[in-house]
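**Q** Okay, here's the prediction I keep looking at, along with the sequence it came from:
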Amino acid sequence: GAGKSSLAFSSIYQLCKDEFDAVENGYLNESDYKVANFSGLIPAVAIPQRNTNNNPRSTIYSYLNIAQALSSLKIKRNVAVPNYDKLKINTYRNECPHCLGLGEIVSVDESELINEKCRLNQKPFLCWRTGELSDYYHQLLMVYCDKNNIKVDDTFDSLSLEKKNLILYGESAEKLSFRFKHKGKTKQRRAFYKGVMSFANSNIGRSQKNSKYKKEENCSFCNGSRINQETAQLDVLGFTFDEFLLSPISELCNTLKKTIGDSVLIRVLSSINNMGLGYLNLSRSIPSLSGGEIQKLIFSRLLTSNTTGILIVIDEISSQINPVDFEVIFQKLKKLSEKNTVILVEHSQYFIDLADQQIHVGKYAGSSGGEICEKEKSHLKKIKKDGFFLCNHAMSLTSVESELNILRTDNRNMRCNIRRIWKGIIF
């Protein structure tokens with residue numbers, strides 16, 4: 001809370017990103033940081049501990065562009081791989097017609113939607129219980145029940161099956177007249193009644209509120225592979241295509257190393273496996289990954305890329321890694337920093353001590369933080385909580401080449417003067 005992430009992500013990274021976006025798009029977005037002067041900017045990549053991808057069609061397979069890696073392998077080595085158009089799983093020709101390429105079926109969970117012990121006049125249906133139009137749907141339901149001789153002071157579980165089905169799936173033959181309250185005013189409307197389940201199914205997934213009563217089940221037709229049966233049977237390096245997509249990455253690595261040896265595909269998959277993500281499969285959706293998993297995935301992909309001369313900002317990678325693997329990760333970071341600028345926001349004393357350059361931000365959180373603490377050593381306090389000692393947090397830096405100068409930044413609580421930040425660094 002002292003301002004480390006604000007400096008690294010919201011100021012330094014965002015400044016670099018905005019400048020290059022402006023060159024590409026022709027305009028400059030308004031950002032929160034305030035910088036008096038800067039120079040020597042380079043393209044930037046951020047690896048935070050959060051997952052902002054909400055596209056359900058985005059998978060590890062598509063994110064890593066495995067289709068291109070397989071296609072290149074076919075051209076170079078003439079191995080068993082389908083044509084490129086068959087390798088693209090996010091096309092209507094190859095997707096499962098039942099789940100539409102999502103790998104799962106989304107439906108309404110009746111047990112979450114309906115409070116069966118609640119009386120009908122007490123709003124027993126979750127989809128109509130809150131919101132601006134909750135009284136609209138509730139009063140419409142009351143009129144519909146009256147029209148069908150259903151007692152509204154009965155609990156839902158006490159109704160006959162016929163009456164339950166009328167409420168859940170029935171529709172009125174004509175528009176019903178009713179009065180309801182909206183924003184403190186009483187209004188009158190005429191509308192058709194549409195059953196609770198019909199309403200819930202048609203609105204599932206439209207808002208976060210609806211997610212409270214939705215359930216996601218693996219598609220029984222594609223088993224989560226997202227592809228149709230014809231595409232699923234294609235041969236991909238000795239696997240059927242659906243096996244290739246659904247097998248754990250660790251198994252793919254072990255098998256393919258023996259059959260095709262070294263290649264871009266093997267290097268990418270091995271990098272993911274070495275980061276402890278071998279239990280994932282290529283069909284796994286990106287939005288379903290945790291913040292730590294997406295951070296490791298991006299980092300592993302970065303390790304296999306040939307990108308040079310960029311700024312890489314990484315947020316607390318030590319928090320997602322077993323301490324026994326710290327040395328391996330540090331060596332990977334050092335390798336990246338040879339041809340790139342690496343900024344690591346870090347709490348681990350291991351990484352701080354090994355850094356060539358350090359910037360300590362503190363000493364306190366909130367409005368009392370945001371200061372550069374020169375030559376301050378991160379140390380353990382005497383406070384003990386849940387069996388762990390709390391310590392002052394610091395940021396560390398590593399290595400030297402071209403400069404990135406920021407004369408002053410006032411982002412949120414940040415009040416610091418940074419004269420030089422060098423290429424090849426670890427924060």
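**A** Perfect, thanks for sending it. Numbering: from 1, shown residues only.
**Q** what is the mean pLDDT for stretch 66-81?
**A** Computed over stretch 66-81, the mean pLDDT rounds to 90.
**Q** Next, the residues that contact that stretch from outside, please.
**A** 61, 84, 87-89, 235-238, 260, 263-265, 268, 282 (CB atoms under 8 Å, 6 or more residues apart in numbering). Where you see a C-beta, it was placed from the backbone N, CA and C, and this is true even at glycine.
**Q** Of those, which is the most crowded?
**A** Greatest neighbour count in the contacts of stretch 66-81, by other CB atoms under 10 Å, goes to I89: 25 neighbours.
**Q** remind me which residues of the stretch 251-400 of the chain are low pLDDT?
**A** For the stretch 251-400 of the chain, residues meeting the criterion pLDDT under 70 lie at 374-400.
**Q** now the strands for it?
**A** Using DSSP state E, counting those that start in this stretch, the strands of the stretch 251-400 of the chain run over residues 311-315, 341-345, 357-359, 361-362, 371-372, 380-385, 388-391, 395-397.
**Q** what about T259, neighbour count?
**A** T259 has 12 neighbouring residues, counting by other CB under 10 Å.
**Q** mind checking how far it is from R50?
**A** Here the criterion is CB to CB, to the nearest Å. By it, T259 lies 37 Å from R50.
**Q** Could you do A80 as well?
**A** A80 sits 39 Å away from R50, going by CB to CB.
**Q** of these two, who's got more company?
**A** A80 (14 against 10).
**Q** got the residue ranges for the strands in the stretch 51-200 of the chain?
**A** Applying DSSP E, counting those that start in this stretch to the stretch 51-200 of the chain gives strands spanning 104-108, 176-182, 185-191.
**Q** counting contacts, what elements does the last one pack onto?
**A** Using 3 or more CB pairs under 8 Å, 6 or more residues apart in numbering; DSSP states H and E as the contact criterion, the secondary-structure elements in contact with strand 185-191 are strand 176-182.
**Q** The strand it packs on to strand 185-191, inter-axis angle?
**A** 150 degrees (axes from the mean of the first three to the mean of the last three CA atoms, to 10 degrees).
**Q** From Y279, how far off is L256?
**A** Distance of L256 to Y279, computed by CB to CB: 17 Å.
**Q** The two: who's more crowded?
**A** L256 (20 against 12).
**Q** got the contact list for that one?
**A** L256 makes contact with 237, 265-266, 269 under the criterion CB under 8 Å, 6+ apart.
**Q** do that again at 10 Å, thanks
**A** Counting by CB atoms under 10 Å, 6 or more residues apart in numbering, L256 touches 73, 237-239, 244, 263, 265-266, 269-270.
**Q** Tabulate those residues (TSV), appending distance to S220.
**A** Listed next are the contacts of L256 as TSV, based on distance: CB to CB, whole Å:
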residue	distance to S220
L73	32
L237	26
G238	26
F239	21
F244	20
S263	34
L265	30
I266	33
L269	28
S270	33
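**Q** for the stretch 1-150 of the chain, which spans come out with low pLDDT?
**A** By pLDDT under 70, the weakly predicted segments of the stretch 1-150 of the chain are 28-29.
**Q** ranges for the helices of it?
**A** 4-5, 14-25, 60-63, 66-77, 84-87, 110-113, 134-147 (DSSP state H, counting those that start in this stretch).
**Q** which stretch among those comes nearest K214?
**A** helix 110-113 (8.1 Å; CB to CB).
**Q** looking just at contacts, which helices and strands does that closest one meet?
**A** Taking 3 or more CB pairs under 10 Å, 6 or more residues apart in numbering; DSSP states H and E as contact, the helices and strands that helix 110-113 lies on are helix 196-203, strand 214-218.
**Q** most tightly surrounded among those?
**A** Burial of the helices and strands packed on helix 110-113 is given as mean neighbour count (mean count of other CB atoms under 10 Å); helix 196-203 ranks first at a mean of 17.
**Q** what about dumping the CA coordinates of that helix to PDB?
**A** The C-alpha coordinates for helix 196-203 follow below in PDB (Å, rounded to 0.1, in the frame of the first residue of the first chain):
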ATOM      1  CA  VAL A 196     -39.800 -17.400 -14.600                       C
ATOM      2  CA  MET A 197     -37.600 -20.200 -16.100                       C
ATOM      3  CA  SER A 198     -38.200 -18.800 -19.600                       C
ATOM      4  CA  PHE A 199     -37.200 -15.300 -18.400                       C
ATOM      5  CA  ALA A 200     -34.200 -16.600 -16.500                       C
ATOM      6  CA  ASN A 201     -32.900 -18.700 -19.400                       C
ATOM      7  CA  SER A 202     -33.200 -15.800 -21.900                       C
ATOM      8  CA  ASN A 203     -31.300 -13.500 -19.600                       C
END
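**Q** neighbours of the residue nearest to K363 when sequence neighbours are not counted, just the number please.
**A** Nearest-residue entry for K363: C373, 5.8 Å, with adjacent residues in sequence omitted and distances by CB to CB, 6 or more residues apart in numbering. Neighbourhood size, C373 [other CB under 10 Å]: 17.
**Q** Touching, C373 and V361? I think so.
**A** Yes: with contact defined as CB atoms under 10 Å, C373 reaches V361; the gap is 7.0 Å.
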